[in-house]
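>>> what follows is a predicted protein model with its sequence.
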Amino acid sequence: MNKFTTDHDILEVYKLSAPRPLFLNRQDILLLESRNIPHVNFLNLQNQYHFGL
C-alpha cells in the first residue's frame with residue numbers, strides 16, 4: 001500500500017538512541033514485587049547505584 005508517491009528512496013536517521021537513567025519509584029517496586037520479583041534484587045540495584053556515586 002502506497003500512501004503517496006515520491007522519488008526519495010533513502011532512509012535518514014534523525015537521532016541515535018542513547019542510554020538514559022532509569023529510576024524506580026515505590027509504586028514500580030510494589031508492582032514488580034507483586035510479580036514475584038524478590039526485593040533483594042531492588043536492594044542490589046540500590047547498592048550498585050550508591051557505590052557508583
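Alright, I've got the coordinates.

>>> what mean pLDDT does stretch 40-52 have?
Per-residue pLDDT values over stretch 40-52 give a mean of 89.

>>> chain center to that stretch, what's the gap?
Put simply, stretch 40-52 sits 17 Å off its chain's centre (Cα atoms, centre = their mean, to the nearest Å).

>>> look up phi and psi at residue 30.
Dihedral pair for residue 30: phi -60, psi -40, per degrees, to the nearest 10.

>>> what's the distance between the residue most central in space within the chain and residue 29?
The residue lying closest to the centre of the chain (Cα atoms, centre = their mean) is residue 22, at 6.6 Å. Relative to residue 29, residue 22 is positioned 12 Å away (Cβ to Cβ, to the nearest Å). Quick note: C-beta positions are derived from backbone N, CA and C, even for glycine.

>>> swap in residue 4?
Plainly put, residue 4 is 47 Å away from residue 29 if you go by Cβ to Cβ.

>>> so those two - more neighbours on which side?
residue 29 (16 against 4; other Cβ atoms under 10 Å).

>>> quick check: buried residues in whichever helix or strand that one is part of?
Residue 29 is part of helix 26-34 when elements are defined by DSSP states H and E. Neighbour-count burial for helix 26-34 flags residue 29 (criterion: 16 or more other Cβ atoms under 10 Å).

>>> and the angle from the helix or strand following that helix to helix 26-34?
Remark: after helix 26-34, the chain's next helix or strand is helix 39-51, criterion DSSP H and E. Orientation of helix 39-51 against helix 26-34 (axes from the mean of the first three to the mean of the last three Cα atoms, to 10 degrees) gives an angle of 140 degrees.

>>> all good on my end, thank you.
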